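Q: I would like to see how this sequence folds:
(one chain, ligands or ions: 2)
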Amino acid sequence: MTAADTALSLLRTLTDAPAAGTWSAPGRVNLIGEHTDYNDGFVFPFAIEHRTHLALAPRDDRRIRVVSSFDPTPVEVELSALSELFPARRDEIIEWARYPLGVAWALLESARETGTAVVGVDLAIASDVPVGAGLSSSAAIEGATAVALDEVWGLGLDRVALARVGRRAENDAVGAPTGIMDQMASMLGEPDAGVFLDCRSLDTEIVHLGFSDAGLDLLVMDTRVTHAHSTGGYGERRAACERGAEIMGVRALRDLAVTDLPRAKTLMDDVTFRRVRHVVTENQRVLDAVASLRAQGPRSIGGLLDASHVSMRDDFEISVPELDLAVDTARNAGAIGARMTGGGFGGAAIALVAHELVPHVTAVVERAFAEAGYAAPHVFTVRPSSGAARDAARATAS
Ligand code: ADP
Ligand code: MG
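A: Ligands and ions are numbered 1, 2, ... in the order given. A predicted model of the protein is given here:
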């Protein structure tokens, strides 16, 4: 059964009313540009084929009910109560339901400005995006909810506005202090393309990746080491970046160039300097990766992926031994380039690999993990895919 069908049959547990449709939004992989988003910098993610699907039926009253394949117990709230729940009393809502209900809340906050009247809804959610693997199942659930409610409520928000809604839900309704990269990738992704995003202006360019034409696959190596944004490491890195920008007298590290680094080194302590150096060089690597892809195709970006990993490992210090092992092993087994991806302290690494080498690289990485005594990694390929959308009508014909 596809996730869309699962969502539809879950909806039947809530209501006999016919579904208005199913909508879905993808997870994402960040090709390059790590910890640059909250420094107003550049990122270059792409949407993947793993998606979160949502089936929706309108109600006669003004309640919102949501159920997920995660958790068969529906969560039910009056639409008018959402503004009392979020953000102040969010702890009263079970965590997973804060994502869809938070999106409903953030959308209604914008709808209030336009005076739109909205109906109650029943929502059922099912996903094939792995959770906590650095593939942003959170942006997928937010994106699916945002496109569905935007359409059914007739709000007419554009893609960037819907990405902002998702981010607001995640920041304020869930309480995770993330940037907007994941939501933008999930909203704007296109097949075989990356979303080159300027996190200050939110300007985007869709950049053709050409992986399949070049005979390449993007391998995800999920270490299964869990990451948590709430742990101190993430906050400490953000604080170091703010400190570095302040010392240099700029609004954000985005405003520094690689040529500013020698001066930065004389002005700050070694740890702060290395944090700054990661962000400044990583921003440049994103620009270089986009330029290189356009000029020479995807085989040319391997060195930039490798350099990104070294910078995160040595300067930003957010890698873990499992990620280093995955990256080093994949490269030694013939990958064109590899790096950890996501916030760090666990999660997944990616490798750009010639199609015919995928089974070999996978086997060698699995063996290296077994020999090191680590839990078996989950290794699979992802394809650059399309962003959030209403599913084709046939999916809703039940
Ligand atoms: P990631 O985005 O890297 O997968 P996050 O911690 O940001 O990890 O988001 C994962 C959380 O999102 C889950 O713990 C759950 O609360 C929520 N979530 C994701 N997908 C679903 C789903 N299909 N149903 C219910 N909740 C989901
Ligand atoms: Mg997430």
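Q: and the residue of the stretch 1-150 of the chain found nearest ligand 2, what does it touch?
A: Nearest residue of the stretch 1-150 of the chain to ligand 2, counting by CB to the ion: Ser138, 3.2 Å away. In this view, the C-beta of every residue, glycine as well, is placed from N, C-alpha and C. Neighbouring residues of Ser138 by CB atoms under 8 Å, 6 or more residues apart in numbering: Tyr99, Glu170, Val174, Ala176, Thr178, Asp182.
Q: now Arg390
A: Contacts of Arg390 (CB under 8 Å, 6+ apart): Gly21, Thr22, Trp23, Val147, Ala148, Glu151.
Q: state whether the residue of the stretch 1-150 of the chain closest to ligand 2 is indeed within a strand.
A: No: applying DSSP: H, G, I helix; E, B strand; the rest coil, one finds Ser138 to be helix, outside a strand.
Q: circling back to that earlier point, same list (the contacts of Arg390) but as a markdown table, adding neighbour count, pLDDT and secondary structure.
A: Converted to a markdown table, the contacts of Arg390 look like this (neighbours: other CB atoms under 10 Å; pLDDT from 0 to 100; DSSP: H, G, I helix; E, B strand; the rest coil):
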| residue | neighbour count | pLDDT | secondary structure |
| --- | --- | --- | --- |
| Gly21 | 19 | 96 | strand |
| Thr22 | 27 | 97 | strand |
| Trp23 | 30 | 98 | strand |
| Val147 | 25 | 98 | helix |
| Ala148 | 28 | 98 | helix |
| Glu151 | 16 | 96 | helix |
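Q: kindly reformat these as TSV containing distance to ligand 2.
A: Putting these into TSV (distance: CB to the ion, whole Å) gives the following:
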residue	distance to ligand 2
Gly21	25
Thr22	22
Trp23	19
Val147	18
Ala148	19
Glu151	24
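Q: spell out which residues of the chain are next to ligand 2.
A: By CB under 5 Å from the ion, the part of the chain that sits against ligand 2 consists of Ser136, Ser138.
Q: worst-scoring helix or strand of the chain, pLDDT-wise?
A: The weakest-scoring helix or strand in the chain, judged by mean pLDDT, DSSP states H and E, is helix 95-114 (a mean of 91).
Q: what average pLDDT does stretch 43-58 get?
A: Average pLDDT, stretch 43-58: 98.
Q: tell me if that stretch is near ligand 1.
A: Yes: Stretch 43-58 reaches ligand 1 (CB under 6 Å from any ligand atom) through Thr52.
Q: stretch 361-380 too?
A: No: against ligand 1, stretch 361-380 shows no contacts by CB under 6 Å from any ligand atom, the least distance being 12.9 Å.
Q: and that stretch, end to end?
A: With CA to CA, to the nearest Å as the measure, the first residue of stretch 361-380 is 11 Å from its last.
Q: quick check: buried residues in that stretch?
A: Residues Val361, Thr362, Val364, Val365, Glu366, Ala368, Phe369, Tyr374, Pro377, Val379, Phe380 are the ones in stretch 361-380 that count as buried (16 or more other CB atoms under 10 Å).
Q: surely the fourth one meets Ala333?
A: So that's Val365. Yes: contact criterion CB atoms under 8 Å: Val365 and Ala333 qualify, at 7.2 Å.
Q: tell me how the chain divides into domains.
A: Following automatic domain parsing, one gets these domains for the chain: 3-206, 209-382.
Q: now do the shared contacts for Val365 and Ala333.
A: Contacts common to Val365 and Ala333, judged by CB under 8 Å, 6+ apart, are absent.
Q: returning to that earlier point: tabulate the domains of the chain in a markdown table, adding columns for distance to Arg390.
A: Formatted as a markdown table, those follow (distance: least, CB to CB, whole Å):
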| stretch | distance to Arg390 |
| --- | --- |
| domain 3-206 | 5 |
| domain 209-382 | 23 |
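Q: hmm, Asp315 is touching Arg274, no?
A: Yes: at 4.1 Å, Asp315 and Arg274 qualify as touching, with contact defined as CB under 8 Å.
Q: could I get the full set of helices for the stretch 151-300 of the chain?
A: 159-168, 181-188, 232-248, 261-267, 270-296 (DSSP state H, counting those that start in this stretch).
Q: circling back to that earlier point, what's the angle between the helix or strand that the least confident helix or strand of the chain is followed by and helix 95-114?
A: Later in the chain than helix 95-114, the nearest helix or strand by DSSP states H and E is strand 121-127. For strand 121-127 against helix 95-114, the angle by axes from the mean of the first three to the mean of the last three CA atoms, to 10 degrees is 130 degrees.
Q: which strands and helices lie in contact with strand 121-127?
A: Under the contact definition 3 or more CB pairs under 8 Å, 6 or more residues apart in numbering; DSSP states H and E, strand 121-127 sits against helix 3-14, strand 42-58, strand 63-68, helix 137-152.
Q: out of everything not next to it in sequence, what's closest to Val257?
A: One correction, residue 257 is Ala, not Val. Excluding the flanking residues, the one nearest Ala257 by CB to CB, 6 or more residues apart in numbering is Val280, at 7.1 Å.
Q: go ahead and confirm the one you found touches Arg263.
A: No: applying CB under 8 Å, one finds Val280 not in contact with Arg263, separated by 11.5 Å.
Q: give me whichever of the domains of the chain is most buried.
A: domain 3-206 (a mean of 21; mean count of other CB atoms under 10 Å).
Q: which residues are in contact with Glu190?
A: So Glu190 contacts Ala47, Ile206, Pro384, Ser386, Gly387 (CB under 8 Å, 6+ apart).
Q: surely the first one and Pro26 touch.
A: This means Ala47. Yes: Ala47 lies in contact with Pro26 (CB under 8 Å); the separation is 4.1 Å.
Q: and for these two, which residues touch both?
A: Ala185, Ser186, Gly189, Ser385, Ser386, Gly387.
Q: any low-confidence regions in the stretch 151-300 of the chain?
A: The model of the stretch 151-300 of the chain has pLDDT under 70 over residues 227-231.
Q: and the residue of it closest to ligand 2?
A: Asp182 (6.0 Å).
Q: the residue lying closest to that residue once chain neighbours are set aside and His53, how far apart?
A: Using CB to CB, 6+ apart and skipping the chain neighbours, the partner closest in space to Asp182 is Ala139 (3.6 Å). Noted for Ala139: a distance of 14 Å to His53, by CB to CB, to the nearest Å.
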